[in-house]
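> following is a predicted model, sequence given first.
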Amino acid sequence: MSSMNMSAEPLLRDAADQALVDGVLAEQRRPLAKTITLIESQRPDHKQRARSVLEGLLPHTGKSMRVGISGVPGVGKSTFIEALGLYLIEQGHKVAVLAVDPSSSVTGGSILGDKTRMELLSQRTEAFIRPSPSAGSLGGVAEKTREAMLVCEAAGFDVIIIETVGVGQSETAVAGMTDIFCLLQLPNAGDDLQAIKKGIMEIADLIVINKADINPQAANVARSQIKSALGMLRHASPNWTPPVLMLSALQMQGIAEFWNTIENYRSTMQRSGEFDARRRHQARAWMWELIDQGLRARFASHARVQQDLPGLQAAVEAGQTTPSAAAMRLLGYLG
């Protein structure tokens with residue numbers, strides 16, 4: 001039996017979509033922004049076009065370092081990302097900054113929505129800053145941010161920074177699409193170490209105490225507390241114990257050390273094979289997430305399901321039928 005080529009069938013691209021592919025690969029700003037707008041659209045025809053454009057870009061993706069950054073409001077993420085971005089540009093890199101902010105759909109505001117927060121960085125041609133998409137749910141926001149990341153990679157950006165607010169599951173989502181997940185902390189000791197309480201420490205690959213210049217003594221105490229907390233956790237890799245760095249983004253102190261640590265992390269993970277393994281795992285998990293979303297959408301739009309769901313739901317709530325019987329009946333409509 002001959003082996004089958006299991007790659008997805010290529011989608012035919014019209015001239016407009018091919019022009020987007022060519023423009024992105026030529027590192028032109030306008031096609032890049034238009035492609036991401038297409039990806040973020042909810043229209044079915046736009047979704048089809050976005051798939052076609054992404055297929056054309058896919059062979060040119062994957063060459064960047066994907067860096068996730070999170071921290072509570074007030075920790076100085078914007079200042080830190082701008083300082084890091086400007087430093088990286090000086091080192092010859094091209095930097096894209098994306099965001100995952102599920103609250104933007106609810107509040108109408110968005111982290112990165114106000115580019116004046118990173119005024120110097122946004123003026124640089126070697127940088128691209130994009131606010132969080134408003135997709136109504138964390139899953140939708142994460143999906144569109146992942147795809148925007150691929151487009152930025154195809155456009156020649158070799159460092160992709162994905163920022164998130166420390167809310168709900170958004171940090172887990174960002175850790176699931178990046179090569180390294182960095183957690184920013186304030187130099188507060190004791191009860192203010194929210195990351196320990198929230199369990200975020202377990203997914204962090206690197207912890208940074210920002211604003212360490214304000215109170216160096218408190219920063220040192222916080223560092224000791226975080227290190228001892230990390231000692232009690234089981235880390236994702238046997239080859240990497242998350243370091244705890246102290247820096248001041250405002251004073252541009254410690255930025256070079258931060259990036260050197262990331263370079264060290266990458267080389268360590270590549271040597272052990274974990275770098276590529278993490279990406280393969282992320283791609284597989286992403287596929288299953290999309291299958292799950294697609295099946296739910298198909299289920300919800302089925303005519304018989306829409307007809308019988310309210311009655312069956314009420315019967316389950318009233319104890320007149322079991323959840324499993326109701327679920328099997330509804331799923332049976334899908335054939």
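Thanks, I have it. Numbering: from 1, shown residues only.
> C-alpha only now, for contacts and for neighbours.
Noted.
> helices or strands up against the longest helix along the chain?
Scanning the chain for the longest helix, with DSSP state H as the assignment, gives helix 274-301. Packing contacts for helix 274-301, counted by 3 or more CA pairs under 8 Å, 6 or more residues apart in numbering; DSSP states H and E, involve helix 255-272.
> CA atoms of the helix it packs on as CSV?
Provided in CSV are the C-alpha atoms of helix 255-272 (Å, rounded to 0.1, in the frame of the first residue of the first chain):
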residue,chain,number,x,y,z
ILE,A,255,17.8,44.3,29.5
ALA,A,256,20.9,42.8,27.9
GLU,A,257,21.1,40.2,30.7
PHE,A,258,17.4,39.3,30.1
TRP,A,259,18.0,38.7,26.4
ASN,A,260,21.2,36.7,27.1
THR,A,261,19.2,34.5,29.4
ILE,A,262,16.6,33.9,26.7
GLU,A,263,19.4,33.0,24.2
ASN,A,264,20.8,30.6,26.8
TYR,A,265,17.4,29.1,27.3
ARG,A,266,17.0,28.6,23.5
SER,A,267,20.4,26.9,23.1
THR,A,268,19.8,24.7,26.1
MET,A,269,16.4,23.6,24.9
GLN,A,270,17.6,23.1,21.3
ARG,A,271,20.5,20.8,22.5
SER,A,272,18.1,18.6,24.5
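> which residues of the stretch 51-200 of the chain fall in helices?
Secondary structure of the stretch 51-200 of the chain by DSSP state H, counting those that start in this stretch: the helices cover 77-90, 104-107, 119-122, 138-154, 170-175, 194-198.
> before we move on, the earlier item: quick one, the following helix or strand past the longest helix of the chain and helix 274-301 angle?
Sequence order places helix 303-317 as the next helix or strand after helix 274-301, per DSSP states H and E. Orientation check (axes from the mean of the first three to the mean of the last three CA atoms, to 10 degrees): helix 303-317 against helix 274-301 gives 90 degrees.
> tell me how far helix 303-317 is from the chain's mean position?
36 Å (CA atoms, centre = their mean, to the nearest Å).
> now for it, which elements pack on it?
So helix 303-317, by 3+ CA pairs under 8 Å, 6+ apart, packs with helix 323-332.
> how about the helix it packs on, which residues are buried there?
The neighbour-count check on helix 323-332 (16 or more other CA atoms under 10 Å) flags 326, 330 as buried.
> how close does residue 121 get to residue 81?
9 Å (CA to CA, to the nearest Å).
> more neighbours: those two, which one.
residue 121 (23 against 20; other CA atoms under 10 Å).
> does that one touch residue 84 like I think?
No. Using CA atoms under 8 Å, residue 121 is not in contact with residue 84; the gap is 9.5 Å.
> could you find the closest non-adjacent residue to residue 200?
Once flanking residues are discounted, residue 200 sits nearest to residue 171: 7.7 Å by CA to CA, 6 or more residues apart in numbering.
> what's the one you found in contact with, if anything?
Residues near residue 171 by CA atoms under 8 Å, 6 or more residues apart in numbering: 70, 164-165, 200.
> just name the closest of those residues to residue 299, please.
Among those, residue 164 lies closest to residue 299 (CA to CA), at 31.0 Å.
> the closest one: neighbour count?
25.
> I'd assumed residue 172 was in contact with it.
No. Taking contacts as CA under 8 Å, residue 164 lies outside contact range of residue 172: 10.0 Å.
> any idea how far residue 42 lies from residue 221?
Residue 42 is 48 Å from residue 221, by CA to CA.
> gap between residue 258 and residue 93?
Counting by CA to CA, the gap from residue 258 to residue 93 is 15 Å.
> let me fix that: residue 250
In terms of CA to CA, residue 250 sits 21 Å off from residue 93.
> just want to know which of the two has more residues nearby.
Legend: neighbour count by other CA under 10 Å for residue 250 and residue 93, higher for residue 93 (18 against 14).
> list the residues that contact the nearest residue to that one once chain neighbours are set aside.
Excluding its sequence neighbours, the residue lying closest to residue 93 (CA to CA, 6+ apart) is residue 158, at 6.3 Å. Residues in contact with residue 158 (CA under 8 Å, 6+ apart) are 63-65, 93-95.
> top of these by neighbour count?
Counting by other CA under 10 Å, top hit in the contacts of residue 158: residue 95 with 28 neighbours.
> measure that residue to residue 314 for me?
Residue 95 is 52 Å from residue 314, by CA to CA.
> please apply the same query to residue 291.
28 Å.
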